[in-house]
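> for reference, the sequence and a predicted model appear below.
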Amino acid sequence: MSWTSHIDLIEETFFEDVEYLSERAKADDTVPDEFMPPKPRPDGVWFHIPDVGCATLWWPGNRSNTMRFSHCYVVPEARGEGYGKALAVYRYEYAKQHPDCERVDTLAAYSQRLFEALGFELVEYRGEANIPYLEQVF
C-alpha cells in the first residue's frame, strides 16, 4: 500500500481542544506517553492516525513565522508501510498553506533523509546526541 493512501486516515485536532485530545489519545493505547498531545496551548495541531501513529506541528515561541515538526510516532508493526511519510507530508502541506508560516523546522533524530527529501536543509547538529536540526524556508 502506498503512503499516499494513508493521507485520508489522518485526523487533525487543535491543541486548545486538549481535553478531547487526552481522551482520544488515552483510548488509543498504542501511543506512548512521550508522544501524547502537549499541554494546553492554542498554537499547534496534533495529527493522528488511529491505532497507528501521531505527530505534532506547532509554533515555537521564539520564532513567530516558523512552525515546528515534533513528536512523530508510528507503532512498530506499522513501520515501513508509509505512515510516517504520510504524517510528514501532511504536516508539511498544512504548514505551507498557513498564511503566517514562512519556514518549518525539526530535530530529526531518525528521519533526516525523509525531511531532506521534502526539501529541508541541514542547519547544524545539536546536543550531546548530535541530533540533526533541519529547516526549510518557503
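Sure thing, it's come through. These numbers come from a predicted model, not from an experiment.

> ok now stretch 6-16, how far from the chain's centre?
11 Å (Cα atoms, centre = their mean, to the nearest Å).

> pretty sure residue 88 is in a helix, no?
Yes: counting by DSSP: H, G, I helix; E, B strand; the rest coil, one finds residue 88 located in a helix.

> run the chain-centre distance for the strand ranked longest in the chain.
The residue-count maximum for a strand in the chain (DSSP state E) belongs to strand 66-74. Centroid separation for strand 66-74 versus its chain: 3 Å, with Cα atoms, centre = their mean.

> can you name the residues in contact with it?
31-32, 34-35, 38, 52-60, 83-84, 87-88, 91-92, 95, 98, 101-107, 111, 115, 135 (Cβ atoms under 8 Å, 6 or more residues apart in numbering). Every residue, glycine included, has its C-beta placed from N, CA and C.

> select from these every entry located in helices.
With helices defined by DSSP state H, the entries of the contacts of strand 66-74 inside them are 83-84, 87-88, 91-92, 95, 115.

> buried only: go through those for me.
83-84, 87-88, 91-92, 95, 115 (16 or more other Cβ atoms under 10 Å).

> was I right about residue 100 contacting residue 65?
Yes: using Cβ atoms under 8 Å, residue 100 makes contact with residue 65 at a distance of 6.5 Å.

> got a list of what residue 9 touches?
49-50, 52, 86.

> most neighbours among these, please name it.
The most crowded member of these, judged by other Cβ atoms under 10 Å, is residue 86 (25 neighbours).

> pLDDT value on residue 130, please?
We have a pLDDT of 93 for residue 130.

> could you measure from it over to residue 136?
To residue 136, residue 130 is 21 Å away according to Cβ to Cβ, to the nearest Å.
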